[in-house]
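K.L.:
Sharing a model prediction with you, sequence too.
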Amino acid sequence: MVTTIDPDLQEAYLRRLGLDPEPPSIDALQRLHRRHVERVPYETMWIAAGDTWTVDPAGSVARIARHGRGGYCFHLNGALSELLRSLGYAVTRHVGGVHGPDGPSVDALTNHLVLTVNDLPTDDNPAGVWYVDAGLGDAMHEALPLVAGAYDQPPFHLVLDASDDGVGDWHLTHDPAGGFRGMSWRSARADISEFAQRNQWLSTAPDSGFVRVPTAQRRDATGVDVVRGITLTRVGDEARPPTTLTDRADWFGMLGDVFDLRFDGVTPERLDRMWARAMSAHLEYAGDS
């Protein structure tokens, strides 16, 4: 596949991550993974603003590298796969499905884009295949060896298993304190077009949680910051009670300070719509609770 990243765009992308280009290695891969989840938030504010984003990796790369935005899995992992490929990594995209308490299901497949990186053997991972995922929001801080086992990434305990349940070939079980139960994925190579229909539904359907409640999440080495609607929470070190930001200026300031989100070029009308959707989601939730 031809990369969408020219040298200037690659430089801008790496500048946002605060990294210099370096040859593929497991240490370099982990630096890229950590910085990506720390500096490029999982976010759906674009949906609340009334924007339409496709799964095209070129658009995702440009928004991340030059416009201070994030996205959800299709955009974050789609862009990261292009960055990794431009740096010389052997990257494969896979169909995945995040699921709830009922467990993995075929219906959930295509709601998540998974990456693996090959050809980086270590003593603990001689096959050299790594599970890479910057698109889960609150789960992984670093890539995992594609080896069944339990892995601690504070504050979360993650479990990776090979699967023969008829849904996927691999399964990630999240920590009970995390925002979802687990995610199953298939080993077969996927084309980015396989996620287009699900992206359309997730970003436009009235029943989609992404449409109903704007969110942003940012992972770091000891925890995760999460805003849903106008309520900010912290899980892990320095955990704090939920904070509700009812002032518009405070809310937008928080999105910049906590999640490194910029809205340069977003029209005042779309910013108004974003704030109104966040406030509406809060009032709807308060009415249901």
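P.N.:
Done, it's in. Numbers count the residues shown, from 1 in each chain.
K.L.:
Quick one: list the elements packing against the lengthiest strand in the chain.
P.N.:
The residue-count maximum for a strand in the chain (DSSP state E) belongs to strand 90-99. With contacts taken as 3 or more CB pairs under 8 Å, 6 or more residues apart in numbering; DSSP states H and E, strand 90-99 sits against helix 73-86, strand 112-118, strand 182-185. Bear in mind the C-beta positions are built from the backbone N, C-alpha and C, glycine included.
K.L.:
Can I get the ones you listed in CSV including mean pLDDT and mean neighbour count?
P.N.:
Shown next, in CSV, are the helices and strands packed on strand 90-99 (pLDDT from 0 to 100; neighbours: other CB atoms under 10 Å):
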stretch, mean pLDDT, mean neighbour count
helix 73-86, 98, 26
strand 112-118, 98, 24
strand 182-185, 98, 25
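K.L.:
Dump these to JSON lines, plus distance to residue 125.
P.N.:
Compiled in JSON lines, the helices and strands packed on strand 90-99 are given as follows (distance: least, CB to CB, whole Å):
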{"stretch": "helix 73-86", "distance to residue 125": "17"}
{"stretch": "strand 112-118", "distance to residue 125": "11"}
{"stretch": "strand 182-185", "distance to residue 125": "18"}
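K.L.:
so which of the ones you listed gets nearest residue 99?
P.N.:
With respect to residue 99, and counting by CB to CB, the nearest of the helices and strands packed on strand 90-99 is strand 182-185 at 5.8 Å.
K.L.:
Can you pull out the residues in contact with whichever helix or strand comes after the closest one?
P.N.:
Per DSSP states H and E, the first helix or strand lying C-terminal to strand 182-185 is helix 196-204. With contact meaning CB atoms under 8 Å, 6 or more residues apart in numbering, helix 196-204 is reached by 44, 47, 52-55, 72, 74, 110-111, 208, 210-211.
K.L.:
mind running it again at 6 Å?
P.N.:
Helix 196-204 has contacts (CB atoms under 6 Å, 6 or more residues apart in numbering) with 47, 55, 74, 110-111, 208, 210.
K.L.:
Show me the shaky parts of the protein.
P.N.:
1-4, 286-289 (pLDDT under 70).
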